[in-house]
Each structure stands twice: as structure tokens, then as C-alpha cells.
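Colleague: sharing a model that was predicted from the sequence below.
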Amino acid sequence: MAGYLAVSEHGLIGDLHTVALVGTNGTIDWHCSPSFDAPSVFGSILDADGGGCFELAAGVPAKTRQFYLPDTNVLITRFSAENGVGEVQDFMPVAGAAQARHRLIRRVVCVRGIMPFRARIAPRFGYGAAPHTLTETDAGVVFTSGSLTVGLSATVPVEHDGRDVTAEFKLAEGESAVLALDEVTDGAEPRGCSREEARELGEATIAFWRSWLSASRYRGRWREIVHRSALTLKLLTYAPTGAIVAAPTTSLPEQIGGERNWDYRYAWVRDAAFCVYALLRLGFTSEADAFMRFILRHATVGESASGPLQVMYGIDGRTDLPERELSHLAGYRGSQPVRVGNAAAKQLQLDIYGELMDSIYLYDAWHEPISSAQWDVIMVRAGWVCDHWDQPDEGIWETRGGPRKFLYSQLMCWVAMERTIRMANRRGLPADLERWRHARDAIYRRIMDSDWSSALDAFAQYEGAEVLDAAALLMPLVKFISPTDPRWLSTLDALTARLVSDSLVYRYDPRASPDGLRGAEGTFSACSFWYVEALTRAGRVEEARLAFEKMLTYANHLGMYAEQISLTGEQQGNFPQALTHLALISAAFNLDRALG
């Protein structure tokens, strides 16, 4: 385990094109350039020895604290030692969607006494597999690989061994130093970054984030954590297209030593409804606009318009996301395989039709009407659902244990038909209403008759099963069933008894419902917030509030969540996860409203 921080011991910075994970020890151990899904430059979180890193820390034993400047994504890592206190201010300047060159700036300041610092810059391009050369220039040091060149500039002396750069320096109170990493493109000269320029860029970056967050309409009880979720979601946005990645990392394991390691640096159609709901609720209309334009552009055009909808897309809209394993990387704490790409992109997951139609419905009703051309394609999609809703699929959890007739998939097919009918009626749009209503009602009856388990006294994971699935928590949230319906309350009690552990919710039990993968997993953080909202809507408000407050204690020191939480309370899986923060926003909004 040596050389690996806990997943939760990280903060996130970014420039709306890519991000960097900064550990509480001052090390950047994950950074892809120039975009989220590009090969890593620093990847020691996936291989402590061979992944590459950017270390910057006190040169003497020191206690560390990490926090964000309020209402920003400027990260401060503070070192407190016997003779002084110093801090590293990490940020990536945000220059808008047209930004051509990306910068990562590390501003070091001594705030009390005297503090020695040490730095080590060891890039490993191409996920640690591509060699690089090092050359000196007037502006600093340039690292050149076959596909990417980056320049390092520093206001303190540096040394190198032909491959990596090191530095040791001492600052007195009030003094500062800057180490900056710049992408070098098209033969351009590397550029330096002076102390004054770093200060000005830092002030501009702070102003950008505070100006952006000022658009939030949320004034509820949990303002700080909701706004941190919003800032995190903005960091996961790819500005050129409006896509929001599910997470900025790949292959952080759902179980240490297990094989449940996936690449989440893509945009899932499934996240569309959750994104539009949360962003519009908070008042971030331009982000909702951009994400819906991305989804509509790729989900309502092309040769697949009359066929199965693709589950996910690259951040640039590409559909080909081949999955491969990087056997040369050891994996986080020895958890192999390390994967890039995602084979689930080619799975049949019927539920995404419901999330797509729900997001379009919300966007059309709350913000801006969709076009007639988009409606024409939506009618084709609705017709496809009418013909295929009852076939087996891989489901919301992208299991690799074979297709089944999952409850959640059928539930969201019902949502697809119900929202399409509602939109057609409200707007007076042309529609095959008789066919759509017949499909909607058939799905409803199928769920109520075939997915109900008398043995469980609850709705089961799939037809004929006697196992539970936390995805059922969305049944009242999507208005399929009343939140106080006796069948639903019985299901909620069954889920509480079998899948809930101290407010934390497991997706399902892989021992009772094999998913084709070895090992176990932790509780799924998004499901825990869905549970809070289900309790809220069922009228169990005090129980919901306690579950919500407990869930907040599992956030990391900055208020961020990975995909899952282990038995010991550790964050696990890719980090941070967009779906969890979207679910948090929705739960907070509805719980606030219920509390009055």
C-alpha cells in the first residue's frame, strides 16, 4: 500500500477541459492532458512507481490541511511545521471554451516563519508507456513525448537528471515561488510564469468561479455542500461540447484488489435527466443548455436514430470507445486490471430511453421548447421503445452476467412513453398517441404483475427474481407509483432491511444476484441520496433528514464523493462521481422543501 493515498485524500482542480487530482501531501498523482480522456501525464494513483507525479511539499516533517478558497475551485494545501507555515495554491486558469493551451499553476507561499520546500516533477506520458526527452530552454524545461509536449517553468532553481526535474528551496514569511506546467502546441515556444503573472491569474480564476457560482438560486439549509457539489459538477464539464463526464478518473477500484475497475471519463445518456433536473433547479441554465445540446445532437441524429440508443459517448461525441487493459500499470494499491475505454458503450440498456425522454421533457417544460426536427426523431425513438421495451438487457448497473428483464429498465421505458405522451399533449404535437398509450399501460401492468414478489413483499430486481435492487428507489421519484402506496411502502421497508446499512445503500447483493464479476463492492453513494429522497416523499421526513446528515459525514474533507463507500467508510471507485453529486442536490432540494 506504500505510495498510495486514500482516494478521499484528494482535491480537484480543472479548467473545463481536464482536471488534476491533488493529494493532501501536495502530490498531483492524476492529470490527463489536454482533455479528460487523453492519456495521463501524471498517473501515480494507478502505479506509484511508474505512473508519474508532480510532488510539491514541505521539505521538513509537517502537518497538512487542505481546503478550497470559499466559493471557488482554487485548492490550498497547507503545511504546518516547527518553524513556519507554508501553502501551495493549486489552480488551472479558465480561459473559456476557445482556450488552446492548458496551464497548471502551483503557487507556493510562506505565510509564517521560514519554510523549506521540495519538488519533483516526473511526467510519464501515454499512461506511463511513452518515453520522453528533456531539454532546457530560456523559459525552463521542456518534456517532449511522441504525442504531447509540456513546458515547466519555475521561479526557483531546478535540477534534472535528463528525465525528471527536482528542486529544493526555502521561503521566508511573505515570500512566494511559482512552478507552472504548460501545454506546448504546434511548435510554439514554452512560456514562463512570473510571480506577478501567477498572482494575477490566480485572482482572475477566483473571480471566475465566484461569478459563476453567484448564479445559484439555492438558499437552503445545506448551502455549502450543495454549492460544492455544483462546483464539482462544473469541473467535470467539457466546455467545448457541454458534455459532463461521469468521473474524471479510470480504474479506481470498487474493491481493493478486485476487478471492478472501469473508465468513467465519458458522458452517459443516463445522467441526462439527473443533470437537467439539478442544474435547472439551481439556476445554471447555460450548463443545462450545453449538456442538452450535446445529448440531443448525438441521441437524435445519425444512423442509429431508428435503432438502439448508445449508452455513452466520448466527450467530443464519438461513439467508438473500445475497452483495453494496460497491463504495465500495477493499479491502485495493486488492483488490476487498469482499463481505458468502456465496452459497456455497446450494451443494450433500455433504461436510458427513460432518462433521455425525461430530460427532454424537463428541458422543454422548464426552459426552452425543443425543435420540430428534434420532435420528429423523438417520435421515432418512442416507436422503437414500443417495439422493444419487453426484451432483456444489461440494466442500469451494466452487469456482465447476461441480459435479464430488469425492473428498472421497464420502469424507465414507462417513463419514456409517459413523458413523450405528456409533451405531445401539452404542446399539441403530432403523435401516435393510441400506440404510445397502449405501450405505456402494458409496461405498467407488466411491472405491477410480474415484478412484484410476494416472497419479498416488494418489487424485485427483475422478472421472476427474489432479490432486491436499490434502483427501485426511483419508482416514486419518477412518479410511477405514489410514494405512500402500500406496495411502495412495503418495498421501501424491504430495501431498508436488506440493502441499507446506517443510511448507506448497496445497489444489490452480487452473491444473491451474480453480475458476472468476482468480488464484492461497497455501498453506492448515489443510491444513498435516492434513499433520502424516497423517505422524504413517503413522509418520513425526520428519518430522511437523519439519513442525509449521516451521509454528509461520509464526504471527504472537501465535501466530495467517490462512487462507493467501503465497510470502513473509505471512498472507493472513481472519484469524484457526478451522479452522486447530482443525487445530493436533488435530495437536498426536496428535503429542504419538505422541512419548510
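Modeller: Noted; the coordinates are in hand.
Colleague: show me what contacts the residue lying closest to Gly52 once chain neighbours are set aside?
Modeller: Excluding the flanking residues, the one nearest Gly52 by C-beta to C-beta, 6 or more residues apart in numbering is Arg124, at 3.0 Å. In short, each C-beta sits where N, CA and C put it, glycine included. Residues counted as contacts of Arg124 (C-beta atoms under 8 Å, 6 or more residues apart in numbering) are 40-43, 50-52, 130.
Colleague: if we use 7 Å, what do you get?
Modeller: Residues counted as contacts of Arg124 (C-beta atoms under 7 Å, 6 or more residues apart in numbering) are 43, 50-52.
Colleague: quick one, phi/psi of it?
Modeller: According to degrees, to the nearest 10, the main-chain angles of Arg124 amount to phi -140, psi 100.
Colleague: any low-confidence regions in the chain?
Modeller: Residues of the chain meeting the criterion pLDDT under 70: 1, 96-100, 300-306, 400, 513-519.
Colleague: which strands or helices does whichever strand in it runs longest pack on?
Modeller: The longest strand of the chain (DSSP state E) is strand 103-122. Contact here means 3 or more C-beta pairs under 7 Å, 6 or more residues apart in numbering; DSSP states H and E; on that basis strand 103-122 packs against strand 53-58, strand 84-91, strand 165-172, strand 176-184, helix 195-213.
Colleague: which SSE is immediately downstream of the first one?
Modeller: Proceeding C-terminally, strand 53-58 gives way to strand 63-68 as the next helix or strand, assigned by DSSP states H and E.
Colleague: neighbouring strands - and their directions - for the following helix or strand past that next one?
Modeller: The C-terminal neighbour of strand 63-68 among helices and strands, as given by DSSP H and E, is strand 75-81. Within its sheet, strand 75-81 is paired with strand 63-68 (antiparallel), strand 84-91 (antiparallel), according to DSSP bridges.
Colleague: tell me which of these approaches Ile105 most closely.
Modeller: strand 84-91 (5.8 Å; C-beta to C-beta).
Colleague: how far is the closest one from where the chain is centred?
Modeller: Centre-to-centre, strand 84-91 and its host chain are 27 Å apart (C-alpha atoms, centre = their mean, to the nearest Å).
Colleague: now that strand against strand 176-184, angle please.
Modeller: Comparing the axes of strand 84-91 and strand 176-184 via axes from the mean of the first three to the mean of the last three C-alpha atoms, to 10 degrees yields an angle of 20 degrees.
Colleague: you'd agree Val94 is up against Leu16?
Modeller: Yes - between Val94 and Leu16 there is a contact at 5.9 Å, judged by C-beta atoms under 7 Å.
Colleague: the helices in the chain, which residues?
Modeller: Using DSSP state H, the helices found in the chain span residues 125-128, 195-213, 223-235, 271-282, 285-299, 351-366, 372-388, 407-427, 433-450, 474-477, 486-499, 525-537, 541-552, 578-595.
Colleague: measure Pro486 to Val184 for me?
Modeller: Pro486 is 65 Å from Val184, where distance means C-beta to C-beta, to the nearest Å.
Colleague: who has more neighbours, the two?
Modeller: Comparing Pro486 with Val184 by other C-beta atoms under 10 Å, the one with more neighbours is Val184, at 19 against 8.
Colleague: spit out the contact partners of Ala470.
Modeller: Ala470 touches 495, 499, 505-508, 524, 527, counting by C-beta under 7 Å, 6+ apart.
Colleague: for Ala272, which non-adjacent residue is spatially closest?
Modeller: Ser359 (3.9 Å).
Colleague: my bad, should have said Ala382
Modeller: Thr420 is the one closest to Ala382 (C-beta to C-beta, 6+ apart), at 4.7 Å.
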